[in-house]
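Student: Following is a predicted model, sequence given first.
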Amino acid sequence: MIRFPEKLNLAQTPTPLQLLSRLSAEVGKRIWVKRDDMTGCAISGNKVRKLEFVLAQALVEGADTLITCGGLQSNHCRATAILGAQLGLKVHLILRGDPPTALDGNLLLDSLAGAEINCYPLSEYRNLPKLFDYWAKHYRQQGRTPFLIPTGASDGIGCWGYIHGTTELAEQLQSDGINPDAIVCATGSGGTQAGLTLGCELNKLEIPVVGFAVCDDAGYFQHKVREDMRDWQRRYQLPLDVEQLRLHVNDQYIGPGYAKAAPEVFATIRRLAALEGLLLDPVYSGKAFHGMLQEIEHGQFQGARELVFVHTGGLFGLFAQRDELNLPLPSAS
């Protein structure tokens, strides 16, 4: 029995485990989707699972202000802004990029939820610790108690989100008699893959977790995911040797860069929406799902009969890249 730390109940869970029957028939393998895009409405996606533990810790420490960071269309920042509003906490977002000329996608929801937002060009954003220190000091001088949340809520506390999520998944696999040959996810800040890897070990699931990198290379994520697991082990002093856990990272489908997808990724997004009614995003789930399909086609999952794809959400980011979908406008009748 896994003993979990303090947790808030913020997500709509358990999320469904859905078979993509038509796609499975096309590719010759059973493709299951863990629908974590259904963890809520405006807070949909994987981030809320991490934030259930991170925000519980913030409240334990008496915080009244949350400071976090990400790209202009950060799903994590959107989830933090909305959850902060639900909990009565002020939220300050440090965003990477030039100030936009209009609000769209996640950024629209950040503003709607009342978050304080500052945008920084990459040259300044690179010194993120300095920006965190500046704003933390700013709020302390106002008599507030800030709590700092790293990119994607990916640290030792955030790992619990997908340890908990894997425990939920393990129960579904057992109940439905599913024996996947791999669990696949997008890897963007590392915390989801770290939690899934730890969760598989703690639940005695001998299933490899394959992370498809959406930005940095495999070497970076091998280090980042391992460091999140080390942070988890240090914080909670649990008897698990995280150095022995195998990490699987595929960095062949990053494309032009973070939040930039190649045309074939948008083609996969259109295909899955029309074939299965499954909505993917071009930043995380679309890249990872496209990568998984390509690896199946190239024989890298040879011998595998069933795969589970963890859908991490990201729908709102799709609106900000609508033009890349090349969808026809309806014609007049």
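Tutor: Right, received. Where do you want to start?
Student: got the residue ranges for the strands in the stretch 1-150 of the chain?
Tutor: Counting by DSSP state E, counting those that start in this stretch, the stretch 1-150 of the chain has strands at residues 17-19, 30-35, 65-71, 90-96, 116-120, 146-148.
Student: Adding distance to residue 157, mean neighbour count and mean pLDDT, write the ones you listed out as TSV.
Tutor: Every residue, glycine included, has its C-beta placed from N, CA and C. What follows is the strands of the stretch 1-150 of the chain, written out as TSV (distance: least, C-beta to C-beta, whole Å; neighbours: other C-beta atoms under 10 Å; pLDDT from 0 to 100):
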stretch	distance to residue 157	mean neighbour count	mean pLDDT
strand 17-19	26	17	98
strand 30-35	22	23	98
strand 65-71	13	24	98
strand 90-96	17	22	98
strand 116-120	23	16	98
strand 146-148	11	20	98
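Student: Need these in a markdown table (columns: distance to residue 308).
Tutor: Formatted as a markdown table, those follow (distance: least, C-beta to C-beta, whole Å):
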| stretch | distance to residue 308 |
| --- | --- |
| strand 17-19 | 7 |
| strand 30-35 | 5 |
| strand 65-71 | 26 |
| strand 90-96 | 31 |
| strand 116-120 | 36 |
| strand 146-148 | 33 |
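Student: Look up how far residue 294 lies from the nearest residue to residue 70 once chain neighbours are set aside.
Tutor: Of all residues not flanking residue 70 in the chain, residue 77 sits nearest, at 4.5 Å (C-beta to C-beta, 6 or more residues apart in numbering). Using C-beta to C-beta, to the nearest Å, residue 77 is found at 30 Å from residue 294.
Student: Neighbour count for the two, which is higher?
Tutor: Set residue 77 next to residue 294 and count neighbours by other C-beta atoms under 10 Å: residue 77 wins out with 28 against 16.
Student: distance of that one from residue 93?
Tutor: Separation of residue 77 from residue 93 (C-beta to C-beta): 5 Å.
Student: Next, show the common contact partners of the two.
Tutor: Any residue near both residue 77 and residue 93 by C-beta atoms under 8 Å, 6 or more residues apart in numbering counts here, and that gives 68, 69, 70, 110, 115.
Student: Before we move on, what's the pLDDT of the fourth one?
Tutor: Right, residue 110. Per-residue confidence at residue 110 stands at 98 (pLDDT).
Student: now it: how far from residue 120?
Tutor: 15 Å.
Student: where do the helices sit along the stretch 151-300 of the chain?
Tutor: For the stretch 151-300 of the chain, applying DSSP state H, counting those that start in this stretch gives helices covering 159-176, 191-202, 218-236, 263-276, 285-297.
Student: Would you indicate which residues of the first one are buried?
Tutor: The one in question is helix 159-176. By 16 or more other C-beta atoms under 10 Å, the buried positions in helix 159-176 come out as 159-170, 172-173.
Student: now the longest one
Tutor: Within helix 218-236, the residues that qualify as buried by neighbour count (16+ other C-beta under 10 Å) are 218, 221, 222, 224, 225, 226, 227, 228, 229, 231, 232, 233.
Student: could these be laid out in CSV, adding pLDDT and distance to residue 46?
Tutor: Converted to CSV, the buried residues of helix 218-236 look like this (pLDDT from 0 to 100; distance: C-beta to C-beta, whole Å):
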residue, pLDDT, distance to residue 46
218, 97, 20
221, 97, 16
222, 97, 20
224, 97, 16
225, 98, 14
226, 98, 19
227, 98, 19
228, 98, 14
229, 98, 17
231, 97, 18
232, 98, 17
233, 96, 21
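Student: Name the nearest of those residues relative to residue 278.
Tutor: Of all the buried residues of helix 218-236, residue 278 sits closest to residue 221, with 24.9 Å by C-beta to C-beta.
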